[in-house]
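# Kindly return the folded structure for what I paste below:
(2 chains)
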Amino acid sequence: MYTQGLDQHGKPIESQQATTPELEARFLAKIDAEEKIEPKDWMPEAYRQTLLRQMSQHAHSEIVGMLPEGNWLSRAPSLRRKAILIAKVQDEGGHGAYLYSAAETLGQSRDQMLEDLLAARARYSSIFNYPTPTWADVGAIGWLVDGAAIMNQIPLCRCSYGPYARAMVRICKEESFHQRQGYEIMMHLARGTPEQRQMAQGALNRWWWPSLMMFGPPDAASKHTAQAVRWKIKRFTNDELRQKFVDVTVPQADFIDLKVPDPQLRWDEATRHYGFGEIDWAEFNEVLRGNGPCNRERLAARRDAHESGRWVREAAAAYASKQRQRTERAA
Amino acid sequence: MANESMAKDEWPLYEIFIRARSGLDHKHVGSVHATDARMAIEHARDLYTRRQEGVSIWAVRSSDIVASDPADSDALFEPARDKVYRHPTFYDIPDEVKTL
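Numbers count the residues shown, from 1 in each chain, chains lettered A, B, ... in the order given. Down below sits the predicted model:
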């Protein structure tokens, strides 16, 4: 999910560095035995690079993910909903911070990761390039986008890299309130006035397919899946998780009488799964390429925030420096 | 100048340890970047105790932590490997003997 476009730019994943066969064999044996790899343990350079890319992109996704819902903080329909939305958006900021911390253990500075994001060299999840035109979109995001994220993040709690797995455990604990918050919004709207029902249905129509795209390209088109599975970075394939998501979410839509916008959606009694229609991968690729509805706006918002905050960072650093000098002089 | 170099370079990294409730140990939960100790504590509070998971925070400069090298693990921990008699299960005490 956070490895979108890993194969499309940047350094090649396959490293030229020589690896001792014995070290590599020991590394694989640890993976096979479900042991965790910790920051100072030996690891293949390609493992390090893959994780660094995935974890930093995951962190970027959390931070950029604050923006679509951030749009509604000043417009929430009630004080209760506003307070709850603030808490959710704060959590997303916190999740980004956990992930940057974990990614830094692999030897790249946070400043470098931020620079890559702001220079559009690094990616974040495609889903956050869509707009939130109505309050119902806030509900749809919590229900579907956080729902898809949870589907992906629970297996990541068992990922082979210790710091990533531990960050995931913490994140998963916090994420379930996010999904419930979103579903509760949808439930209230779906059971409200005809206009509210329509708003909820409209949001579902807008967010359903992009949420399915969150799981990444189909397995057949995903070059790195085999290696990621071998290294236990990925515990389930894109298609497996996507299928799981559809299977659990459709009944949730049924319960509040909202219609999933897929004429080909049908329950298959033989396989005990929902069959669903073709995803528009052309749209997905356009969004990855930077041509989604809000790509430019999202990046501009992040650049603005970074620039506007510069004086605060400099003031904090200057103050700390002054205090240190005072202490040294007094000593 | 000192301020500029700090703005350009990273703020120092602090490792954060939280005591969730009195009676428990401080546990490592992650890290924060901060300019000084007070900011480290406040950022750690904002980041790691949003759900009342903390009664106490320790912030330690990452550069102050001394860690054993995983490459040395075998040699470092070897002395314990052949001393299985340190475990209670090594001793065969008949069932009739109580409270032992």
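
# check contacts around the residue in the stretch 1-150 of chain A that chain B sits nearest to.
Proximity of the stretch 1-150 of chain A to chain B (C-beta to the nearest C-beta) peaks at residue A:101, 4.4 Å away. Using the backbone N, CA and C atoms, a C-beta is placed for each residue, glycine as well. Shown in contact with residue A:101 (C-beta atoms under 8 Å, 6 or more residues apart in numbering or on different chains): A:163, A:167, B:30, B:31, B:32.

# and of those, the nearest to residue B:69?
residue A:163 (17.8 Å; C-beta to C-beta).

# Select from the contacts of residue A:101 every entry located in strands.
B:30, B:31, B:32 (DSSP state E).

# Return only those of those found close to chain A.
B:30, B:31, B:32 (C-beta under 8 Å from any C-beta of the partner chain).

# Quick one: these as JSON lines, columns for neighbour count and pLDDT too.
Output for those, formatted as JSON lines (neighbours: other C-beta atoms under 10 Å in any protein chain shown; pLDDT from 0 to 100):
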{"residue": "B:30", "neighbour count": "24", "pLDDT": "92"}
{"residue": "B:31", "neighbour count": "26", "pLDDT": "93"}
{"residue": "B:32", "neighbour count": "25", "pLDDT": "95"}
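
# before we move on, the earlier item: out of the contacts of residue A:101, which two sit at the greatest distance?
Largest separation among the contacts of residue A:101 by C-beta to C-beta: A:163 and B:32, giving 14.4 Å.

# The spatially closest residue to residue B:30 that is not a sequence neighbour and residue A:66, how far apart?
Leaving aside its sequence neighbours, residue B:30 sits nearest to residue A:101 (C-beta to C-beta, 6 or more residues apart in numbering or on different chains; 4.5 Å). Residue A:101 sits 17 Å away from residue A:66, going by C-beta to C-beta, to the nearest Å.

# likewise residue A:317?
24 Å.

# hmm, back to that, which strand or helix spans the residue of the stretch 1-150 of chain A closest to chain B?
Residue A:101 is part of helix A:79-104 when elements are defined by DSSP states H and E.

# for the record, mean pLDDT for that helix?
Regarding helix A:79-104, the rounded mean pLDDT is 96.

# and if you look at stretch B:12-21?
Rounded mean pLDDT across stretch B:12-21 is 94.

# contacting residues around it?
A:104, B:25-35, B:40, B:44, B:47-49, B:53-63, B:65.

# the helices in chain B, which residues?
Counting by DSSP state H, chain B has helices at residues B:2-8, B:37-48, B:73-81.

# The stretch 1-150 of chain A too?
Secondary structure of the stretch 1-150 of chain A (DSSP state H, counting those that start in this stretch): helices located at A:21-32, A:45-64, A:66-70, A:79-104, A:110-118, A:135-140, A:146-156.

# so what pLDDT did residue B:5 get?
Residue B:5 is given a pLDDT of 42.

# likewise residue B:82?
Reported pLDDT for residue B:82: 86.

# Ok, residue A:225 next?
Residue A:225 carries a pLDDT value of 86.

# And for it, the neighbour number?
20 (other C-beta atoms under 10 Å in any protein chain shown).

# and what of the one 3 residues further on?
A count of nearby residues for residue A:228, using other C-beta under 10 Å, gives 20.

# Name the helix or strand for it, please.
helix A:225-230.

# Now do the very next helix or strand once past that helix against helix A:146-156, angle only.
Next along the chain after helix A:225-230, taking DSSP H and E as the criterion, comes helix A:238-255. If you take axes from the mean of the first three to the mean of the last three C-alpha atoms, to 10 degrees, helix A:238-255 sits at 140 degrees to helix A:146-156.

# residues in contact with whatever helix or strand comes next after helix A:238-255?
Going down the chain from helix A:238-255, the next helix or strand is strand A:266-268, by DSSP H and E. Strand A:266-268 has contacts (C-beta under 8 Å, 6+ apart) with A:273, A:274, A:275.

# and chain A, which residues reach chain B?
Residues of chain A lying near chain B (C-beta under 8 Å from any C-beta): A:38, A:40-42, A:87, A:90-91, A:94, A:97-98, A:101-102, A:104, A:109-111, A:167, A:170, A:174, A:310, A:313-314, A:316-321, A:323-325.

# For ChimeraX, write the selection for the buried entries among these.
In ChimeraX, a selection of the buried entries from the residues of chain A next to chain B looks like this (16 or more other C-beta atoms under 10 Å in any protein chain shown):
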select /A:41,91,94,97,98,101,102,104,110,167,170,174,316,317,318,320,321
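
# PyMOL command for the buried members of the contacts of strand A:266-268?
Buried members of the contacts of strand A:266-268, defined by 16+ other C-beta under 10 Å, are picked up in PyMOL with:
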select buried, chain A and resi 274
